[in-house]
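In: Below is the sequence, then the predicted model.
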Amino acid sequence: MISDHKTVAKLLNAIKDDVFDFIKDSPKISEFDIQEFVKNKFKKYNLKTDKWRPIISFRQNTSLVHYYATRDNSKRLQPNSLILVDLWARINKKGSPFADITWMGYYGDKVPKNIEKVFNIVVEARNKTIDFIKKELKKKIIPIGKEIDSVARNYVTNRGFGDFFDHGTGHPLGFISDHGHGVNLNPKGSGRLSKIVGYTIEPGIYLKNNFGVRSEIDFYIDSNYKLRITTPIQSKIIIIRPSKVKG
C-alpha cells in the first residue's frame with residue numbers, strides 16, 4: 001500500500017510542476033481553468049480523487065481553507081496574485097491510499113513582505129513538527145496525534161497567528177472520501193500514529209478576505225521507527241514573473 005502512495009505522490013508532484021508551467025504560459029487563466037487542467041491530468045494518469053475538486057485559489061480566495069472554484073465564481077489571474085495549489089488523488093484501484101500536497105506560488109516580480117512573513121511561519125511550523133516526530137522516533141516512541149498538532153499550533157500561536165490556523169495539522173491518507181481513517185493530527189487526536197500508514201503535515205494561516213498560506217507534505221513511519229517523507233518540501237514561494245510569461 002505504501003508503494004501505491006509513493007507512486008501517486010510522485011505523480012502529484014509532476015502535476016504540480018505542470019500546473020505552474022501552465023500558469024506561466026497562460027497569463028489570463030482562471031482558477032476553474034486550472035482545476036479542469038488538473039482533472040484532465042488525473043484522467044491521463046488514471047488517478048481517482050474524492051467528491052471534491054482540486055483546490056486552486058488566487059489572491060483573497062487563498063484565505064478560504066476549503067475553496068472550490070466553479071465556472072461562475074472563479075477568479076482570473078492578474079499581476080500580484082498569490083496562488084495556492086492543493087492536489088490529492090490515489091491510484092484508481094480498490095483500497096489504494098491517497099497522496100496530498102499543497103504548494104504556494106506568486107504571480108509577480110516579488111513576494112510582498114507580509115505574505116513572505118506568514119509563509120515562513122507556516123514553513124517553520126511544518127519543519128518543527130517534522131523534527132518533533134523524528135525526535136520521538138529516535139526514542140522508539142510513536143507520537144500521539146494531538147502532540148504533533150500542538151507543536152505546529154503552539155509555534156503559530158506564539159507568533160500571533162493562532163486564531164488563523166483553522167484546521168488540524170494533518171490527517172491519515174486512507175482510501176475513504178475524506179482521505180483518511182485512524183488518528184488525525186489535530187487537538188482531538190488522542191491515539192498514536194500507525195506504522196506504514198501515510199499521513200500529511202499541513203499547517204496553515206488564513207487571514208480572512210486577505211490571503212492564506214498552507215504547506216503540505218506526506219510521510220509515513222517505517223517498521224524501524226524512521227520517518228519517511230514521500231513528497232518534496234517547499235522552502236520558498238514559487239515566483240512566476242509576468243514579464244516572462246507568454247501570451
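Out: Noted; the coordinates are in hand. Given the structure is predicted, the values throughout are model-derived calculations rather than measurements.

In: only C-alpha atoms for contact and neighbour calcs from this point on.
Out: Will do.

In: and residue 243, what pLDDT?
Out: For residue 243, the model assigns a pLDDT of 53.

In: Over to residue 26?
Out: At residue 26, the pLDDT value in this model is 89.

In: So what's the residue count around it?
Out: Using other CA atoms under 10 Å, residue 26 has 15 other residues around it.

In: One more: residue 43?
Out: By the measure other CA under 10 Å, the count of residues near residue 43 is 11.

In: Surely it forms part of a strand?
Out: No - counting by DSSP: H, G, I helix; E, B strand; the rest coil, residue 43 is located in no strand; its state is helix.

In: give the contact list for residue 231.
Out: In this structure, residue 231 makes contact with 9, 10, 13, 101, 217, 218, 219, judged by CA atoms under 8 Å, 6 or more residues apart in numbering.

In: Against residue 143, how distant is residue 116?
Out: Distance, residue 116 to residue 143, using CA to CA, to the nearest Å: 31 Å.

In: Buried ones from the contacts of residue 231, can you make that a ChimeraX selection?
Out: This is the ChimeraX syntax for the buried subset of those, where burial follows 16 or more other CA atoms under 10 Å:
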select :9,13,101,217,218,219
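
In: Which positions in stretch 100-117 come out as buried?
Out: Neighbour-count burial for stretch 100-117 flags 100, 101, 102, 103, 104, 105, 106, 107, 108, 111, 115 (criterion: 16+ other CA under 10 Å).

In: need the helices for the protein, in chain order.
Out: Counting by DSSP state H, the chain forms helices over residues 2-25, 31-44, 113-138, 145-158, given from the N-terminal end onward.

In: If you compare the directions of the longest one and helix 145-158, what angle comes out?
Out: It stands for helix 113-138. Between helix 113-138 and helix 145-158, the angle comes out at 150 degrees (axes from the mean of the first three to the mean of the last three CA atoms, to 10 degrees).

In: before we move on, back to that, nearest to residue 225, of the helices of the chain?
Out: helix 113-138 (5.4 Å; CA to CA).

In: quick one: contacts for residue 202?
Out: When contacts are taken as CA under 8 Å, 6+ apart, residue 202 is in contact with 102, 126, 168, 169, 170, 214, 215, 216, 217.

In: same question, residue 228
Out: For residue 228, the contacting residues are 219, 220, 221, 222, by CA under 8 Å, 6+ apart.
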